[in-house]
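Student: Sharing a model prediction with you, sequence too.
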Amino acid sequence: MTASVPDTIIIASPHNLRIMGEIGIIVAENSTGTLSGSSKKSVRLSVKCDTKLARQLLNWSVKAGLPAVGANYGTSEGPGSDMPMDWGTLVPLWFPIREKRVRAKVVIVTPSREIPLVENFRFGKVVGKLAEAGEAKVAFVASADQAHAHSKKGPYGYSRRASEYDNQVCKAISKNRLRSILKIAWLRKLSLIASGRWLSLREF
């Protein structure tokens, strides 16, 4: 990313706004967050958001028939328009923006777990087309909410499906065959909501 010098970083976070049944596109002018660790130390990150690109993405997504909505926080514009930054956004952005000093604006998007997986896939294609259509350089970061269930001692327990899931997803990304993810039957089931909660890998 440091070599490509992007003008804007579009980041998809699973832990930002959870808008039921909708893909969220943050149109705030800023985003700021603080993350505290077990050592009682904390880190803070504040970024400027690319509101123009965010609004373009919203318009393109709506025209494509996707369930997408724009979201702001605080004031409609200015310094007070500042979306709280979640850990799924702060951690991945810390490395290029704080450590590598990449001077890029940010667009935060929030895929939905309540809609069919293919709709999130279609949204990703819209993101790609928009990035290719403009003159500005755009980088995409997927803040991955992966299997979690790799250890019996962990909060989500253990599932033999965990490594299988991670391996298949990583393979699809590395070979640029993202559509293959849609063919994983149990992953499609995993994207459903049961009794208002997300199904975990332990239930398979």
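Tutor: That came through, no problem. On a predicted model such as this, the values are computed, not experimentally measured, just so you know.

Student: Domain boundaries for this protein, per the record?
Tutor: 1-145, 147-204 (automatic domain parsing).

Student: so how far is the first one from its chain's centroid?
Tutor: By that I understand domain 1-145. Counting by CA atoms, centre = their mean, to the nearest Å, domain 1-145 is centred 7 Å from the centre of its parent chain.

Student: now Gly78, what's its secondary structure?
Tutor: Of the three states, Gly78 takes coil according to DSSP: H, G, I helix; E, B strand; the rest coil.

Student: All the strands of the protein, residue numbers only.
Tutor: With strands called from DSSP state E, the chain shows them at 8-12, 23-26, 30-36, 42-48, 68-71, 82-84, 105-110, 138-142, 193-194, 197-198.

Student: okay if I get the domains of the chain as JSON lines plus mean neighbour count and mean pLDDT?
Tutor: For glycine as for every other residue, the C-beta is placed from the backbone atoms N, C-alpha and C. Below are the domains of the chain laid out as JSON lines (neighbours: other CB atoms under 10 Å; pLDDT from 0 to 100):
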{"stretch": "domain 1-145", "mean neighbour count": "17", "mean pLDDT": "94"}
{"stretch": "domain 147-204", "mean neighbour count": "14", "mean pLDDT": "72"}
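
Student: how close does the closest residue to Thr32 other than its chain neighbours sit to Ala3?
Tutor: Nearest non-adjacent residue to Thr32, counting by CB to CB, 6 or more residues apart in numbering: Ser46, 4.2 Å away. According to CB to CB, to the nearest Å, Ser46 and Ala3 sit 25 Å apart.

Student: Give the other helices and strands that the lengthiest helix in the chain contacts.
Tutor: Using DSSP state H, we find that the single longest helix of the chain is helix 117-133. Applying 3 or more CB pairs under 8 Å, 6 or more residues apart in numbering; DSSP states H and E, we find helix 117-133 packed against strand 23-26, helix 51-63, strand 138-142.

Student: among these, which is nearest Asn176?
Tutor: For Asn176, the closest of the helices and strands packed on helix 117-133 is strand 138-142, at 12.9 Å, according to CB to CB.

Student: May I have that closest one as CSV, with CA atoms only?
Tutor: Only the C-alpha atoms of strand 138-142 are listed here, as CSV (Å, rounded to 0.1, in the frame of the first residue of the first chain):
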residue,chain,number,x,y,z
VAL,A,138,-8.2,3.7,-4.2
ALA,A,139,-7.1,0.9,-1.9
PHE,A,140,-9.6,-1.6,-0.4
VAL,A,141,-9.1,-3.2,3.0
ALA,A,142,-11.3,-6.0,4.3
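
Student: Show me what that strand pairs with in its sheet, parallel or antiparallel.
Tutor: strand 8-12 (parallel) (DSSP bridges).

Student: and the angle for the strand it pairs with with helix 51-63?
Tutor: Here strand 8-12 runs at an angle of 50 degrees relative to helix 51-63 (axes from the mean of the first three to the mean of the last three CA atoms, to 10 degrees).

Student: Right, I'll call it a day here.
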